[in-house]
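Trainee: Below: sequence and its predicted model.
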Amino acid sequence: MTLTEWGSLFLVCLLGAMTPGPSLAMVMKHSLSAGYKNGLATAWAHAGGIGLYALITIAGLAVLLHRSPLVFHVITYAGAAYLAYLGVNALRSRGGIAERMATGQVVSLWQSAKEGLLISLLNPKIGLFFIALFSQFISTGHDAVSQGLIVLTPVVVDGLWYTLITLLLSYAGILKVLRNNAVLIDRLSGVVLIALALRVVWG
């Protein structure tokens, strides 16, 4: 995997983490209602769920590439179509932080971590996203180091992004900033996802 290819993976993972959704709402909920420690517990438990999805996906795609290249290529193009679909939806989105976020009662660190883990594991869209995304990179990274990098990138990006959100929520006014920029984040995500899908088709 080249630095340019990894950069593409990093950017998509970052914008995916930044896009408003149930995961962001969950981290914000625990950060605002119970404090930054609960927010951090939620963030890194969520990243752990992301890592599990990523590991299962990369292992399955690697086996498929070896045993059935034709099926793998079908999945690759189907994945490109799905990324384009996500991109179009992101471009049409109006943002959603304010609508999706809900405050809740103070809970323990364990409860925050459990909810952070479950919000990732019980979201089938994350699995679909990784299948679509990783199928674009697995053929360029056969060795163990490249595959490990493909798995670790979304985990670290996800954990650090939500850690940043948790810490920023300690400052007054940051929620307003997030709300005001939700649409811009969606637009950037849409452009990058569509560009990645087009790269697969043209490549």
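Mentor: Nice, I can see it. Numbering: from 1, shown residues only.
Trainee: For residue 35, grab phi and psi.
Mentor: Backbone geometry at residue 35, expressed as degrees, to the nearest 10, gives phi 110, psi 170.
Trainee: Now residue 14. Nearest residue, chain neighbours left out?
Mentor: In space, residue 14 comes closest to residue 157 once its chain neighbours are excluded; the distance is 5.3 Å by Cβ to Cβ, 6 or more residues apart in numbering. Every C-beta, even on glycine, is put in place using the N, C-alpha and C of the backbone.
Trainee: I'd like to know how many residues surround that neighbour.
Mentor: 22 (other Cβ atoms under 10 Å).
Trainee: Distance check, it against residue 71.
Mentor: Counting by Cβ to Cβ, to the nearest Å, the gap from residue 157 to residue 71 is 29 Å.
Trainee: and the residue located most distally from the centre of the chain, how far is that from residue 133?
Mentor: Taking Cα atoms, centre = their mean, the residue of the chain most remote from its mean C-alpha position is residue 67, at 28.1 Å. As for residue 67, its distance to residue 133 is 21 Å (criterion: Cβ to Cβ).
Trainee: which helix is the longest one in the protein?
Mentor: Scanning the chain for the helix with the most residues, using DSSP state H, yields helix 36-67.
Trainee: What mean pLDDT does that helix get?
Mentor: The average pLDDT within helix 36-67 is 84.
Trainee: for that helix, packing partners?
Mentor: helix 22-34, helix 69-92, helix 109-121, helix 124-134, helix 144-168 (3 or more Cβ pairs under 8 Å, 6 or more residues apart in numbering; DSSP states H and E).
Trainee: Of all the ones you listed, which one is nearest residue 51?
Mentor: If you check each of the helices and strands packed on helix 36-67 against residue 51 by Cβ to Cβ, helix 144-168 wins as the nearest, at 4.1 Å.
Trainee: tilt between the closest one and helix 22-34?
Mentor: Taking axes from the mean of the first three to the mean of the last three Cα atoms, to 10 degrees, one finds that helix 144-168 is oriented at 40 degrees with respect to helix 22-34.
Trainee: Figure out how far helix 144-168 is from the centre of its chain.
Mentor: 9 Å (Cα atoms, centre = their mean, to the nearest Å).
Trainee: So which bits of that helix are buried?
Mentor: Of the residues in helix 144-168, 146-147, 149-151, 153-155, 157-159, 161-163, 165-166 count as buried by neighbour count, 16 or more other Cβ atoms under 10 Å.
Trainee: between those, which is closest to residue 55?
Mentor: Nearest member of the buried residues of helix 144-168 to residue 55, counting by Cβ to Cβ, is residue 151, at 5.4 Å.
Trainee: Might one say that that closest one is in contact with residue 53?
Mentor: No: if you go by Cβ atoms under 8 Å, residue 151 and residue 53 don't touch, sitting 9.6 Å apart.
Trainee: intersection of neighbour lists for the two?
Mentor: Counting by Cβ atoms under 8 Å, 6 or more residues apart in numbering, no residue touches both residue 151 and residue 53.
Trainee: Could you report the pLDDT at the residue nearest to residue 14?
Mentor: pLDDT, residue 157: 94.
Trainee: Roughly how far does it sit from residue 43?
Mentor: From residue 157 to residue 43 the distance is 12 Å (Cβ to Cβ).
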